[in-house]
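[1] Sequence first, then the predicted structure:
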Amino acid sequence: MTEESIVRDLFDRWERVWHEERYDLVAGCVTPVYIRHDESGTRRVTPEEYAAELANNRQARPNTRIVVYDYTFDGDHAWFRFTLMWTDLSSGETRTRAGMQTYRIDGGNLSSRWPSIEQRETLFRSSLHSAFGRTTSWSR
């Protein structure tokens, strides 16, 4: 397998983790210590800890979907521009956060990630979507 096909296979599995709730695949997607640089600081988690975290997040944010608009694979890094969408438990409305994320890949697995995520949650207005699923505005 070429390096690019290994990375594509990795992100095909990663997408199944997120979209199909296949948390059993996490261990085959991340290194034994997965470094997460996020809003709460830098954390080191095991695949099992991260799988449990994802399951808990899914309960807190049901119907979670990630829409990827652009991506690039470059050697041991991958870059994505995306929108995170979920149903707000209290209101039932769809919420979104937009962002960009960079992953470092080591041995065919994700070893760390650096997100840049919009700080405010926004209401999603389906009327703003075109036939191609692109949003024209992120305001309330």
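    That came through, no problem.

[2] and the spatially most central residue of the chain, what does it touch?
    Centroid-nearest residue in the chain, with C-alpha atoms, centre = their mean: I66, separated by 6.1 Å. With contact set as C-beta atoms under 8 Å, 6 or more residues apart in numbering, I66 has these partners: 18-19, 82-85. For every residue, glycine as well, the C-beta is placed using N, CA and C.

[3] and if you look at T102?
    Contacts here follow C-beta under 8 Å, 6+ apart; on that basis T102 touches 77-80, 113-115.

[4] 10 Å instead, please
    T102 makes contact with 37, 72, 74, 77-80, 112-116, according to C-beta atoms under 10 Å, 6 or more residues apart in numbering.

[5] Can you pull the poorly scored residue ranges out of this structure?
    119-140 (pLDDT under 70).

[6] quick one, helices of this protein?
    3-20, 47-60 (DSSP state H).

[7] can you give me how far the first one is from the chain middle?
    The one in question is helix 3-20. 12 Å (C-alpha atoms, centre = their mean, to the nearest Å).

[8] Kindly report the same for stretch 32-44.
    On the basis of C-alpha atoms, centre = their mean, stretch 32-44 sits 14 Å off its chain's mean C-alpha point.

[9] contacting residues around that stretch?
    26, 30, 45-47, 49-50, 53, 101-102, 104, 109-115, 117, 119.

[10] Show me which positions of it end up buried.
    Using 16 or more other C-beta atoms under 10 Å as the test for burial, stretch 32-44 gives 34-36.

[11] same check, this time on stretch 108-117
    Within stretch 108-117, the residues that count as buried by 16+ other C-beta under 10 Å are 109-115.
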